[in-house]
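Asks: Sequence plus the predicted model coming up.
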Amino acid sequence: MLDLRGLASFTDWFFICSATSSRQVQAIVDSIDERLRASGARARIEGDARAEWVLMDYFDFVVHVFVPEKREFFNLERLWGDAPRVAIEDAPAAAAAPAAARRRRQSRARR
């Protein structure tokens, strides 16, 4: 995970993962989408027809699922080298931050 808060205006987090094949990329994307839809989240999903890189935009966070060759080619970790990396072990606490920020924005909008 990359913490983009303060570095990007379009999202707070990048979640980046690799899959061993395009079929596995699609399975990961389907699973993420299914689970997050169950909680009410909706994404704009983009990717090539070969499912070598799929981008799932949930506004507060963006999920990137790559086959290894595409991940190496685009190297988002290098491109966003100033972004702090968050280890997956720390993910539950870190991932709660976007949801909390969204709730605060929604609360302010209702006022």
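Replies: Ah, there it is. Treat the numbers as computed from the prediction; the structure is a model and nothing was measured. Residues are numbered from 1 along each chain as shown.

Asks: what does stretch 67-84 rub up against?
Replies: Contacts to stretch 67-84, defined as C-beta atoms under 8 Å, 6 or more residues apart in numbering, come from residues 2-4, 7-8, 14, 16, 18-22, 25, 51-53, 64, 66, 85. C-beta here means a position set from N, CA and C on the backbone, and glycine is covered the same way.

Asks: Just the buried residues out of those, in PyMOL syntax.
Replies: A single PyMOL command selects the buried members of these (16 or more other C-beta atoms under 10 Å):
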select buried, resi 2+3+4+14+16+18+19+22+25+51+52+53+64+66
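
Asks: Where strands are concerned, which of the contacts of stretch 67-84 count?
Replies: L2, D3, F14, I16, S18, W53, H64, F66 (DSSP state E).

Asks: got the contact list for the fifth one?
Replies: Listed by C-beta under 8 Å, 6+ apart, the contact partners of S18 are V65, F66, V67, P68, R71.

Asks: Report the distance from stretch 54-64 to the chain centre.
Replies: Relative to the chain's own centre, stretch 54-64 is displaced by 4 Å; criterion: C-alpha atoms, centre = their mean, to the nearest Å.

Asks: could I get it in PDB with only the CA atoms?
Replies: Only the C-alpha atoms of stretch 54-64 are listed here, as PDB (Å, rounded to 0.1, in the frame of the first residue of the first chain):
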ATOM      1  CA  VAL A  54      -6.900  -3.600 -13.700                       C
ATOM      2  CA  LEU A  55      -7.600  -0.300 -11.900                       C
ATOM      3  CA  MET A  56     -10.400  -0.100  -9.400                       C
ATOM      4  CA  ASP A  57     -11.200   3.500  -8.300                       C
ATOM      5  CA  TYR A  58     -13.100   3.800  -5.100                       C
ATOM      6  CA  PHE A  59     -12.300   7.500  -4.800                       C
ATOM      7  CA  ASP A  60     -10.600   7.400  -1.400                       C
ATOM      8  CA  PHE A  61      -8.400   4.500  -2.500                       C
ATOM      9  CA  VAL A  62      -7.400   2.900  -5.800                       C
ATOM     10  CA  VAL A  63      -6.700  -0.800  -6.200                       C
ATOM     11  CA  HIS A  64      -4.200  -1.800  -8.900                       C
END
